[in-house]
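S.K.: Need a 3D model of the following:
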Amino acid sequence: MGQFLGTHVNRLDRKGRVSVPAPFRAALARFETTELILRPHHKSACIEARPEPEFRRLAARLDTLDSFSDDHDALAFALFASAHSAIPDAEGRIVLPEALIAHAGLGETVAFVGLGRLFQIWTPEEAERMTRSAVQAARERGLTLPGGGTA
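M.R.: Numbers count the residues shown, from 1 in each chain. Below you'll find the predicted structure:
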């Protein structure tokens, strides 16, 4: 299985097209798909991008909730209502919908931030701030991964 690693900065053109970084395209191929599902992150001003099989796996968790519950409805809206499918063209470009560009506050450059099974698209400044903040929080709180071992 592929993993999205690192932070890469690319230009966003006036038509909303941006090149997915080559290492991310290679990781996407290891997920055995070319389709990405893009959606506004529900906590932060960024775009979340998951390979379609990973998005399907995430969405399947809705099946654990009562189909007619408020929780199910809220999460279904959060996952699907603003989601968009994107398939990189021959040059590796995707088109970011205007609503997602606005949600993330993107300008001429964007930062692709690898997070393992998914990546996020931020303004470069916010990506840097978020990375520093997350690393600091992990250090201050002594966070480690389950199962032992150290980073």
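
S.K.: The helix or strand residue 120 falls within pairs with which strands, and in what direction?
M.R.: According to DSSP states H and E, residue 120 maps onto strand 119-122. Here strand 119-122 is paired, per DSSP bridges, with strand 47-51 (antiparallel), strand 109-114 (antiparallel).

S.K.: Let's check: the centremost residue of this structure is which one?
M.R.: With distances taken as Cα atoms, centre = their mean, residue 48 lies nearest the centre of the chain, 2.6 Å away.

S.K.: Distance check, that one against residue 14.
M.R.: The spacing between residue 48 and residue 14, counted by Cβ to Cβ, to the nearest Å, is 23 Å. C-betas here are computed from N, CA, C, even on glycine.

S.K.: that older thread, how far does the strand holding residue 120 sit from the chain's center?
M.R.: A distance of 5 Å separates the C-alpha centroid of strand 119-122 from that of its chain, computed with Cα atoms, centre = their mean, to the nearest Å.

S.K.: what's the answer for stretch 89-105, then?
M.R.: For stretch 89-105, the distance to the chain centre is 12 Å (Cα atoms, centre = their mean).

S.K.: With just CA atoms, put it into PDB.
M.R.: Taking Å, rounded to 0.1, in the frame of the first residue of the first chain, the C-alpha atoms of stretch 89-105 are listed here in PDB:
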ATOM      1  CA  ASP A  89      -4.700  14.100 -16.300                       C
ATOM      2  CA  ALA A  90      -1.800  12.900 -18.400                       C
ATOM      3  CA  GLU A  91       0.400  15.700 -16.900                       C
ATOM      4  CA  GLY A  92      -0.600  14.800 -13.400                       C
ATOM      5  CA  ARG A  93      -2.900  17.800 -12.900                       C
ATOM      6  CA  ILE A  94      -6.200  17.900 -11.100                       C
ATOM      7  CA  VAL A  95      -8.800  20.600 -11.000                       C
ATOM      8  CA  LEU A  96      -9.700  21.900  -7.600                       C
ATOM      9  CA  PRO A  97     -13.400  23.100  -7.400                       C
ATOM     10  CA  GLU A  98     -13.800  26.700  -6.600                       C
ATOM     11  CA  ALA A  99     -15.700  26.000  -3.400                       C
ATOM     12  CA  LEU A 100     -12.800  23.900  -2.100                       C
ATOM     13  CA  ILE A 101     -10.200  26.600  -3.100                       C
ATOM     14  CA  ALA A 102     -12.300  29.200  -1.200                       C
ATOM     15  CA  HIS A 103     -12.600  26.900   1.800                       C
ATOM     16  CA  ALA A 104      -8.900  26.500   2.100                       C
ATOM     17  CA  GLY A 105      -8.100  30.100   1.200                       C
END
